[in-house]
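Chemist: need coordinates for the following:
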Amino acid sequence: MAGPYRDFALPIFLAVVIVVKAAFLIALGPVYLPDSNEYVRFAEIILQGGDWATHLDLSAEVIPLTAFRGAGFPALIAGAMALFGEGWDWALVILQGGLSVGATAMIWRLTLRLTDRIWAAALAASGQALGLAFVLDQCVLSDSLNATATTFLAAYMASALLDGRKPRLIETLGLGVILLAAFFVREAGAIMHLALWPIVIAWGLRTGTGVLRTALTLAVFLTPLMAGIQGYKSWNQMRSGERFITTVGQTAMYHPVVDLARKGYPVFAEDPLLADADLLPLPSNPGVAFTAINVHLIKRHGMNAVQIARHADAQFFDHWRRYPLARAKIYLGRFSPRYALLAFMPLTGPERLSRWAGGGSPFPKPGEFKRNLLEHGRIDQAALLAARTLARLISTIISIACLAGVPLVVLISLVRAQGRPMALSSRHFAYAGLWLFVIAYPIAYALVYLEDRYLAAVSPIVAVLGIALLAPWVDRGIDRGATWIVDMRKRRSAA
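Modeler: Residues are numbered from 1 along each chain as shown. Take a look at the predicted model:
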């Protein structure tokens, strides 16, 4: 595509995205989910003042809110409440949506850099703009800001690598501040930053900074986060006497325990602290089971929230030691094939947002399609189902190309380079760093629990990699199809 068109393509695309986001926001408003209420209550505690910031009784409640949730996202909500009053939630989701558009632009730029094709950039960017980000941006949840920051970091550093631009320390420090912000809004950043290491290392090594300078770059990138983590732990120690980030392990880390119990393993009977608890049969709702475990440990054994979370951590490692095959089977079972549908979901994203907001779905319920089509003439539903099926097929192909194709391409290139990594091109370094990021993210989450929204940070990168690998084949197929059509017309004219 000619230069002038390239200059206008991204602004036009982003304008369309903003209009679509605005339309859904006007129609549905800010969306609240069960976790939203806890963030809002925490924000109200902040605004009320008092001694919550200097005093924390870890035994006052079963799950003490200001210990269980990180303070960053509630503090942002409190700021929005102070500035915008009753319209705070609108201001919050507008901020989330605006920052997400910035990540969309980075996905566009990265894809264009890898493929030199506007259609590929538009496809990848629409996968991010209308996918999980589209859903989460409008929700009062910490997921949107965390995913936006993480996606931005991955795309920015990969683009810099491809441009051959060496990382400057002040630039890397600024990126580290963004990483710190991602941690403050979602405490999982204390672990998930590991997934970004391959991109930082690839960026430094491929642009010729050398091993020592690359190590320094990584250290500078992590410095704000490490300082923030230690500062947060020190703050909690000051107000409670215990050094920790959050007590979210009170519930999250008991997922693996409950998983084993559902499979029939005697994990409760073998635990001296839970053997006398009446926990079986387990309720279908895991949250009820987690609450029962917490209540028992508090009432029977006098444990506080931090001790309960640490007990869960200890059980996690002990169960991997005693039941490695069972834990591995459960772990692998968390990687559902449906995750292949997240890379490109231009219909499912808006439809899911509508359902989360309490609205209806334009798609028929199971078993209703045939009756709706024959009795009510709902041809629109047939068209929607066909479009969704096509989108799912595209997403699956993109995901397979990313997960299986990228490592194969890098490995072949490494063999051709006679096993010398530094002989690989910038493209292949970017491929390798981004692919490891995509793989590491769900691998870490699945150790405890994994669901769709946790993958909002990596699904756009899956789209970028898959599309970048497929783009030459798509163009080749289009060219061959066009040639075939021209030849057919010539033959008909000659006949």
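
Chemist: for residue 139, which non-adjacent residue is closest in space?
Modeler: Excluding the flanking residues, the one nearest residue 139 by C-beta to C-beta, 6 or more residues apart in numbering is residue 31, at 4.5 Å. In this view, the C-beta of every residue, glycine as well, is placed from N, C-alpha and C.

Chemist: what is the burial count for the one you found?
Modeler: The local packing of residue 31 (other C-beta atoms under 10 Å) involves 24 other residues.

Chemist: lowest average confidence, helix or strand, in this protein?
Modeler: One helix or strand of the chain scores below all others by mean pLDDT, DSSP states H and E: helix 369-376, with a mean of 68.

Chemist: immediately after that one, which helix or strand?
Modeler: helix 379-400 (DSSP states H and E).

Chemist: check which helices and strands that following helix sits against.
Modeler: Under the contact criterion of 3 or more C-beta pairs under 8 Å, 6 or more residues apart in numbering; DSSP states H and E, helix 379-400 touches helix 348-356, helix 369-376, helix 459-494.

Chemist: ok now it, how far from the chain's centre?
Modeler: Its chain's average C-alpha position is 22 Å from that of helix 379-400, according to C-alpha atoms, centre = their mean, to the nearest Å.

Chemist: CA atoms of it as CSV?
Modeler: C-alpha atoms of helix 379-400 as CSV (Å, rounded to 0.1, in the frame of the first residue of the first chain):
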residue,chain,number,x,y,z
ILE,A,379,-32.1,-15.4,8.4
ASP,A,380,-30.1,-12.9,10.4
GLN,A,381,-29.3,-15.6,13.0
ALA,A,382,-28.1,-17.9,10.2
ALA,A,383,-25.8,-15.1,8.9
LEU,A,384,-24.5,-14.4,12.4
LEU,A,385,-23.7,-18.0,13.1
ALA,A,386,-22.0,-18.4,9.8
ALA,A,387,-19.9,-15.3,10.5
ARG,A,388,-19.0,-16.5,14.0
THR,A,389,-18.0,-19.9,12.7
LEU,A,390,-15.8,-18.2,10.2
ALA,A,391,-14.2,-16.0,12.9
ARG,A,392,-13.6,-19.1,15.1
LEU,A,393,-12.0,-20.9,12.2
ILE,A,394,-9.7,-17.9,11.5
SER,A,395,-8.8,-17.7,15.2
THR,A,396,-8.0,-21.4,15.4
ILE,A,397,-5.8,-21.3,12.3
ILE,A,398,-4.0,-18.2,13.7
SER,A,399,-3.5,-19.8,17.1
ILE,A,400,-2.1,-23.0,15.6
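
Chemist: report the angle between it and helix 459-494.
Modeler: 110 degrees (axes from the mean of the first three to the mean of the last three C-alpha atoms, to 10 degrees).

Chemist: show residues contacting the next helix or strand after helix 379-400.
Modeler: Heading C-terminal from helix 379-400, the first helix or strand you meet, by DSSP H and E, is helix 406-416. For helix 406-416, contacts defined as C-beta atoms under 8 Å, 6 or more residues apart in numbering pick out 420, 421, 424, 425, 428, 431, 432, 434, 435, 465, 469.

Chemist: got it, and stretch 280-298?
Modeler: Contacts for stretch 280-298 (C-beta under 8 Å, 6+ apart): 59, 62-63, 250-251, 254-255, 257-258, 261-262, 268, 273-274, 277, 279, 303-304, 307-308, 311.

Chemist: show me what the helix or strand hosting residue 84 packs onto, helices and strands only.
Modeler: Using DSSP H and E, residue 84 sits within helix 72-84. Counting contacts by 3+ C-beta pairs under 8 Å, 6+ apart, helix 72-84 packs against helix 34-48, helix 88-115, helix 169-185.

Chemist: for the longest one, what does the pLDDT average out to?
Modeler: Meaning helix 88-115. Per-residue pLDDT values over helix 88-115 give a mean of 98.

Chemist: how far off helix 34-48 does it point, in degrees?
Modeler: Using the same axes, to 10 degrees: helix 88-115 against helix 34-48 is 120 degrees.

Chemist: so what's the gap between helix 88-115 and the chain middle?
Modeler: For helix 88-115, the distance to the chain centre is 14 Å (C-alpha atoms, centre = their mean).

Chemist: how about residues contacting the following helix or strand past that helix?
Modeler: On the C-terminal side of helix 88-115, the closest following helix or strand by DSSP H and E is helix 118-129. Under the contact criterion C-beta under 8 Å, 6+ apart, helix 118-129 has outside partners 1, 5-6, 9-10, 13, 17, 20, 100-101, 103-105, 107-112, 114-115, 151, 343-346, 395, 398, 459-460, 463-464, 467-468, 471.

Chemist: just the buried members of these?
Modeler: Buried members of these, counted by 16 or more other C-beta atoms under 10 Å: 9-10, 13, 17, 20, 100-101, 103-105, 107-112, 114-115, 151, 343-346, 395, 398, 459-460, 463-464, 467-468, 471.

Chemist: looks like the residue nearest to residue 139 contacts residue 140 (just checking).
Modeler: Yes - with contact defined as C-beta atoms under 8 Å, residue 31 reaches residue 140; the gap is 7.0 Å.

Chemist: list residues touching both of those two?
Modeler: In contact with both residue 31 and residue 140: residue 93, using C-beta under 8 Å, 6+ apart.

Chemist: state the pLDDT value of residue 391.
Modeler: On pLDDT, residue 391 comes in at 96.

Chemist: contact partners for it?
Modeler: 344, 345, 346, 347, 348.

Chemist: of those residues, which is the nearest to residue 478?
Modeler: The closest of these to residue 478 turns out to be residue 344 (C-beta to C-beta; 18.4 Å).

Chemist: quick check: closest non-adjacent residue to the closest one.
Modeler: Residue 344 sits nearest to residue 395 (C-beta to C-beta, 6+ apart), 3.9 Å away.

Chemist: quick one, phi/psi of the closest residue to residue 423 other than its chain neighbours?
Modeler: Distances taken as C-beta to C-beta, 6+ apart put residue 417 closest to residue 423, at 3.8 Å, once the chain neighbours are dropped. Dihedral pair for residue 417: phi -90, psi 10, per degrees, to the nearest 10.

Chemist: what is the burial count for residue 354?
Modeler: So residue 354, with other C-beta under 10 Å, has 18 neighbours.

Chemist: go on, residue 18?
Modeler: There are 15 residues near residue 18, going by other C-beta under 10 Å.

Chemist: that one is in what secondary structure piece?
Modeler: Going by DSSP H and E, residue 18 is in helix 3-28.

Chemist: hang on, the earlier thing: need the helices and strands packed on helix 379-400 in CSV (columns: distance to residue 362).
Modeler: As requested, these are arranged in CSV below (distance: least, C-beta to C-beta, whole Å):
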stretch, distance to residue 362
helix 348-356, 7
helix 369-376, 11
helix 459-494, 23
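
Chemist: tell me the most buried of those helices?
Modeler: helix 348-356 (a mean of 19; mean count of other C-beta atoms under 10 Å).
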